[in-house]
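Student: let's see this in three dimensions:
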Amino acid sequence: MAKKSKRSSTKGSRAKPKAKAAVKVKAKAGMKAKAAKLLARVSARLGAKAKASVRRTLRKAAGKEPSVAAQLAHNKKLVLDFYRKLIGDKDYEAARVYMGTEYRQHAPYATDGHAGIAEWVRKFKEGFPQHHYEVKKVIAEGDLVVLHLHGKSGPHPHGESVVDIFRIQDGKVVEHWDVIQPIPEHADNANTMF
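Tutor: Numbers count the residues shown, from 1 in each chain. The predicted structure is shown next:
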């Protein structure tokens, strides 16, 4: 009589799945991490039909969840558009649509809120009507966007190296920090400030 294979099962009992190497799930953000863990558990316990069903469900869910990269790209565009209106065009009213209901200011030269930034833009436009800037770097992480800029035709003869940091909440700019450094006539190195 032929021996039964270890892979076959007797009627009424389920075969234990063969021990598999531990599935390493890469760290992913939010829903994708949970989905990957679920798929790993399902793969270890259920058959091909169940795995396929879970994969279809996860693909549908993943299609609805914006990717982190897409969200960061959206945040960068939002801040660049906002900055162009507020600083480039010196037009608070045009920039207002990019701002949240509250606007928190950390720069020492402007007061908190919309009235504070509107007044600062008015004075800036009056004092430096030819001011313009060149974007050197745009960095986004989480809810923050950082601009590294070369300000020109402002208060300093060689311009300024500016780092502006903005916080995004619900698709709007809600908070601002900055660091402004005048560019000297001569530097101790040839690397520039950018």
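
Student: tell me how the chain divides into domains.
Tutor: 30-64, 69-182 (automatic domain parsing).

Student: reformat these as a markdown table; add mean pLDDT.
Tutor: Supplementary listing: the domains of the chain in a markdown table, determined by pLDDT from 0 to 100:
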| stretch | mean pLDDT |
| --- | --- |
| domain 30-64 | 66 |
| domain 69-182 | 97 |
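
Student: which one of those is the most hemmed in?
Tutor: Looking across the domains of the chain with neighbours counted as mean count of other CB atoms under 10 Å, the highest average goes to domain 69-182: a mean of 16. Quick note: C-beta positions are derived from backbone N, CA and C, even for glycine.

Student: the protein: helices as residue ranges?
Tutor: Ranges of helices in the chain, per DSSP state H, are 30-45, 48-64, 68-83, 92-95, 113-127.

Student: distance-wise, check Pro108 relative to Glu175.
Tutor: Note on Pro108: its distance to Glu175, by CB to CB, to the nearest Å, is 15 Å.

Student: let's have the domains of the chain in TSV, adding distance to Thr192.
Tutor: Below are the domains of the chain laid out as TSV (distance: least, CB to CB, whole Å):
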stretch	distance to Thr192
domain 30-64	40
domain 69-182	9
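
Student: quick one: which of the ones you listed is nearest Phe194?
Tutor: domain 69-182 (4.5 Å; CB to CB).

Student: first-to-last residue distance for that closest one?
Tutor: Taking CA to CA, to the nearest Å, domain 69-182 runs 33 Å from one end to the other.

Student: identify all contacting residues around stretch 83-103.
Tutor: 78, 81-82, 112-114, 116-118, 121-122, 124-125, 129, 131-133, 147, 164, 169-170, 172-176 (CB atoms under 8 Å, 6 or more residues apart in numbering).

Student: now do the end-to-end distance for it.
Tutor: First residue to last in stretch 83-103 (CA to CA) measures 14 Å.

Student: give me the pLDDT for Met1.
Tutor: Met1 carries a pLDDT value of 52.

Student: ok, which of the domains of the chain comes nearest Ala190?
Tutor: Nearest of the domains of the chain (CB to CB): domain 69-182, 15.1 Å.

Student: now the closest residue to Glu134 other than its chain neighbours: how far from Gly100?
Tutor: Using CB to CB, 6 or more residues apart in numbering and skipping residues adjacent in sequence, the residue nearest Glu134 is His150, 4.5 Å away. Distance of His150 to Gly100, given as CB to CB: 28 Å.

Student: same thing with Asp91?
Tutor: Asp91 is 18 Å from Gly100, by CB to CB.

Student: list the contacts of the nearest residue to Gly116 once chain neighbours are set aside.
Tutor: Ranked by CB to CB, 6+ apart and with sequence neighbours excluded, the top spatial neighbour of Gly116 is Ala110, at 5.1 Å. For Ala110, the contact set (CB under 8 Å, 6+ apart) comprises 116-117, 119-120.
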